[in-house]
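Q: I'd like to go over a predicted model; first the sequence, then the structure.
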Amino acid sequence: MNQETFLQQLQQNHFPEPLLTKKGSGAVGVHSHTFEPIALIVQGEMSINIDGAVTRYQVGDVFHLKPNQLHSEDYGPEGVTYLVSRKD
């Protein structure tokens with residue numbers, strides 16, 4: 001997905017303006033968020049593990065998590081940069 005389409009999708013689904021977020025290589029253990037995040041990968045890569053199912057995200061991919069959904073994150077060797085919007 002390109003950035004323009006992603007921004008249109010956010011607007012259609014009443015998400016606020018996204019923030020550019022950068023993470024270095026590494027991992028974050030099992031956790032959850034009280035908000036609903038949706039993000040577009042713009043550089044690098046990451047993997048998200050939900051209940052043992054690991055999905056790898058690369059440039060142009062979008063991930064969308066439910067509020068309070070337990071997951072872990074693993075950022076690629078070059079880290080990852082993504083546009084993320086969060087809805088309460």
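A: That came through, no problem.

Q: nearest spatial neighbour of residue 61, skipping sequence neighbours?
A: residue 41 (5.1 Å; Cβ to Cβ, 6 or more residues apart in numbering). For glycine as for every other residue, the C-beta is placed from the backbone atoms N, C-alpha and C.

Q: Tell me what that neighbour is bridged to.
A: Here residue 41 shows beta-bridge partners residue 82, assigned using DSSP bridges.

Q: wait, doesn't it sit right on residue 55?
A: No - counting by Cβ atoms under 8 Å, residue 41 does not reach residue 55; the two are 11.6 Å apart.

Q: what sits in contact with each of these two?
A: Common neighbours of residue 41 and residue 55 (criterion: Cβ atoms under 8 Å, 6 or more residues apart in numbering): residue 63.

Q: any idea of the pLDDT on the residue of the chain positioned farthest from its centre?
A: Of all residues in the chain, residue 12 has its C-alpha farthest from the mean position, at 18.2 Å, by Cα atoms, centre = their mean. pLDDT recorded at residue 12 is 97.

Q: Against residue 43, how distant is it?
A: According to Cβ to Cβ, to the nearest Å, residue 12 stands 25 Å off from residue 43.

Q: Dihedrals phi and psi, residue 25?
A: phi -60, psi 150 (degrees, to the nearest 10).
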